[in-house]
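> Just the structure for this:
(one chain, ligands or ions: 1)
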Amino acid sequence: MLATSESPYLLQVRDLSCQRDGRQLFAGLSFALSAGSAVQIGGANGAGKTTLLRTLIGSAGDYSGQILWRGRQFPASLPQFRESLLYIGHRAGVRGGLTPLENLTWYGADREAAMQALEQVDLFGFEDSLCQHLSAGQNRRVALARLFLTATPPLWILDEPLAALDVAGVAALQGQMAVHLSRGGAMVFTSHQPVALAGLQRVELADYAVDEFAQSAGGEHVFG
Ligand SMILES: Nc1ncnc2c1ncn2[C@@H]1O[C@H](COP(=O)(O)OP(=O)(O)OP(=O)(O)O)[C@@H](O)[C@H]1O
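As a prediction, the model looks like this:
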């Protein structure tokens, strides 16, 4: 069981509003993640999906509302939260001057586990090529190979993990997401495409969009 006895939830978001450069992106967002569950964040380009994920990992501070890890509010719980987090951002976070194998071992994987993970993402034979000589989709696979290592942290936060993957890559990743949830893991991810996973909640940021006209009019609902 991953959650503490104090809280049935790993991650809770309560009445969250996020701003960027003084502009409110969304407001009133709430959801809760227990062990074995996932949230898919949807929304148009620029709606604030990446900003939301960066807020959840404690890298963007311009928000109001509450974020709780195992029942304890940020920022007090951030150190424990980060120990439990695997975050893969929009940019792959792959070092081009290293090989896929070196990238994975840099994250602490041993050689055998790294080779197995690279095989899972269909990069067998490319393990010793420099990542700067691989395609965008192959680099995405190098980043995602971390999800196929034997032991991963309980919370995955993934920004557009399915982007740039081909059909087989999407199927393999969805399979691994299901394995993670079945092991009691939890996950927040963004995606523009439908994902079939048991226990998946969907959050559409358009449902929490802020009326910009009302904002510029000082927050009043002028049309009543
Ligand atoms: N580098 C930046 N500097 C300043 N403002 C930014 C920057 N990147 C994004 N923004 C602002 O923040 C808003 C939210 O951007 P964010 O990247 O969170 O959206 P998104 O929903 O993830 O978009 P996409 O689907 O295009 O990746 C944008 O509408 C933009 O106004």
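
> Tell me the residues on this structure that lie near the ligand, please.
20-21, 25, 43, 45-51 (CB under 6 Å from any ligand atom). C-beta: built from backbone N, CA, C; applies to glycine.

> Just the buried subset of those, please.
20, 25, 43, 47-51 (16 or more other CB atoms under 10 Å).

> returning to that earlier point: which of the residues of the chain next to the ligand sit farthest apart?
Maximum pairwise distance among the residues of the chain next to the ligand (CB to CB): 17.8 Å, between Asp21 and Gly43.

> ok, which stretches of the protein are helices?
For the chain, the helices defined by DSSP state H cover 49-56, 78-83, 100-106, 111-120, 136-144, 167-182, 212-216.

> Mind putting these into a markdown table with distance to Pro194 and mean pLDDT?
Compiled in a markdown table, the helices of the chain are given as follows (distance: least, CB to CB, whole Å; pLDDT from 0 to 100):
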| stretch | distance to Pro194 | mean pLDDT |
| --- | --- | --- |
| helix 49-56 | 16 | 95 |
| helix 78-83 | 29 | 93 |
| helix 100-106 | 29 | 94 |
| helix 111-120 | 23 | 94 |
| helix 136-144 | 19 | 92 |
| helix 167-182 | 10 | 93 |
| helix 212-216 | 29 | 55 |
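
> What are the boundaries of the strands in this structure?
11-20, 23-33, 38-42, 63-69, 72-73, 85-88, 155-158, 186-190, 200-204 (DSSP state E).

> buried ones in the second one?
Counting neighbours by 16+ other CB under 10 Å, one finds that the buried residues in strand 23-33 are 24-27, 29, 31-33.

> Ile157: which of these is nearest?
Leu33 (10.4 Å).

> Touching, the closest one and Val188? I think so.
Yes - assessed by CB atoms under 8 Å, Leu33 is found in contact with Val188 at 6.9 Å.

> Common neighbours of these two, please.
Common neighbours of Leu33 and Val188, using CB atoms under 8 Å, 6 or more residues apart in numbering, are 11, 39, 155.

> Would you write a PyMOL line that selects the buried entries of the residues you listed?
Burial among those is assessed by 16+ other CB under 10 Å; the matching PyMOL selection reads:
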select buried, resi 11+39+155
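
> from the shared contacts of Leu33 and Val188, which is closest to the ligand?
Val39 (14.8 Å; CB to the nearest ligand atom).

> quick one: Leu205 and Thr50 touch, right?
No - assessed by CB under 8 Å, Leu205 is found out of contact with Thr50, at 10.9 Å.

> still on that earlier bit, for the shared contacts of Leu33 and Val188, please prepare JSON lines with the additional fields pLDDT.
Formatted as JSON lines, these follow (pLDDT from 0 to 100):
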{"residue": "Leu11", "pLDDT": "96"}
{"residue": "Val39", "pLDDT": "98"}
{"residue": "Leu155", "pLDDT": "97"}
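
> Specify which member of the shared contacts of Leu33 and Val188 is nearest to Gly125.
Leu155 (32.1 Å).

> how does this protein divide up, domain by domain?
Split into domains by automatic domain parsing, the chain comes to 1-84+154-224, 91-152.
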